[in-house]
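*Asks:* Sequence and computational prediction follow.
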Amino acid sequence: MASSAPSIGTVHLVGAGPGDPDLLTLRAARLVMDAKLIVHDGLVDPAILAMARPACRMISVAKSRARHSLPQDQINALLVREALTGNDVVRLKGGDPFIFGRGGEELEACRAAGVPVEVVPGVSAALGAAAAAQMALTHREDASVVSFVAGQCKGLTDQNWAGLAGRGRTLVIYMGVASADAIAAKLIADGLAADMPVAVIENASRAEMRVLRAPLSGLGDLVAAERVKSPALIVVGMVAARGQDAALAPIVKAAA
């Protein structure tokens, strides 16, 4: 008698939040703790991975600007392959899967292969970073509009950011550290004031978190002088000058 085919596993696209394990949703925490297989990116804090049971199989698909351990299409194929062999997969992503997390592509690949998917939202990097820095992205006096953009170098000059930054608006830039000089030049060329406040939030919600401030024209110099590394976000707008300085004093450094 032929053996029956294995049941198809579920892929759980799970947001790991900005870093602090306490910012996981209850659903995310339960999935991590019960997981037999976790496929995670490089922005997931080690403390979150440590919540998994010792027998859990971990697969890192960490990406960096210069090196990807697996191209995105191979990550998609990995998720599908594991699920089709009967494994439930916790696909753990920093922040939220659907905000610059390429969760949409992974969802579509799974659906096309007939693999069931659950999406577990996470605290996005922008919201988590702003909260950790006690910086309201909207403020009655300063901003009623917030925009999120990706600032990676590839295609930067082709991106249209017109109207996204300026008075009454806050612009949050993901993946912008490596192209900070080009970002500042782009925004100033588009008419944004050179003295517009900018904040760089590095390692948001983690013990080593830093909040660095400068005028827009000094963004590149600030990133270089402070050797800012990912994960880091750039906040452009009047709200970047806000935050409870007394609470942030141990980690805030002003640009020279």
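*Replies:* Arrived safely.

*Asks:* From the rest of the structure, what touches stretch 173-191?
*Replies:* 65, 99-100, 125-126, 148-153, 156-157, 161-162, 165-166, 171, 194, 196, 198, 200, 216-217, 219-220, 222-224, 228-230, 232-236 (C-beta atoms under 8 Å, 6 or more residues apart in numbering). Heads up, the C-betas are built off the backbone N, CA and C, glycines and all.

*Asks:* again, only using 7 Å
*Replies:* 65, 100, 125, 148-153, 156, 161-162, 165, 194, 216-217, 219-220, 223, 228-230, 232-234, 236 (C-beta atoms under 7 Å, 6 or more residues apart in numbering).

*Asks:* for the record, mean pLDDT for that stretch?
*Replies:* Averaging pLDDT along stretch 173-191 gives 93.

*Asks:* for it, which positions count as buried?
*Replies:* For stretch 173-191, burial by neighbour count (16 or more other C-beta atoms under 10 Å) applies to 173-180, 183-187.

*Asks:* Tell me which of these fall in helices.
*Replies:* Within the buried residues of stretch 173-191, residues falling in helices by DSSP state H are Ala180, Ile183, Ala184, Ala185, Lys186, Leu187.

*Asks:* Next, the contact list for the closest residue to Ala132 other than its chain neighbours, please.
*Replies:* Nearest non-adjacent residue to Ala132, counting by C-beta to C-beta, 6 or more residues apart in numbering: Ser205, 4.4 Å away. Ser205 is in contact with Pro18, Gly19, Asp20, Leu23, Gly128, Ala132, counting by C-beta under 7 Å, 6+ apart.

*Asks:* With Val223 instead?
*Replies:* Val223 neighbours (C-beta under 7 Å, 6+ apart): Val177, Ala180, Val200.

*Asks:* so the last one, which of the three states?
*Replies:* Looking back up the chat, that one is Val200. strand (DSSP: H, G, I helix; E, B strand; the rest coil).

*Asks:* got a pLDDT number for it?
*Replies:* With respect to pLDDT, Val200 scores 96.

*Asks:* Quick check: bridge partners of it?
*Replies:* Taking DSSP bridges as the rule, Val200 bridges to Leu212, Ile234.

*Asks:* and which of the contacts of Val223 is nearest to Leu70?
*Replies:* The closest of the contacts of Val223 to Leu70 turns out to be Val177 (C-beta to C-beta; 22.5 Å).

*Asks:* From the contacts of Ser205, keep the buried residues only.
*Replies:* By neighbour count, with 16+ other C-beta under 10 Å, those hold Pro18, Gly19, Asp20, Leu23, Gly128, Ala132 as buried.

*Asks:* mind listing the helices for the stretch 1-150 of the chain?
*Replies:* Assigned by DSSP state H, counting those that start in this stretch, the stretch 1-150 of the chain shows helices spanning 26-34, 46-49, 72-84, 103-112, 125-132.

*Asks:* How is this protein partitioned into domains?
*Replies:* 11-120, 125-254 (automatic domain parsing).

*Asks:* By mean pLDDT, show me the worst of those domains.
*Replies:* Note on the domains of the chain: lowest mean pLDDT is at domain 125-254, with a mean of 87.

*Asks:* Format the buried residues of stretch 173-191 as TSV; extra columns: distance to Pro121.
*Replies:* As requested, those are exported to TSV (distance: C-beta to C-beta, whole Å):
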residue	distance to Pro121
Ile173	21
Tyr174	17
Met175	20
Gly176	23
Val177	25
Ala178	27
Ser179	28
Ala180	29
Ile183	27
Ala184	32
Ala185	35
Lys186	31
Leu187	30
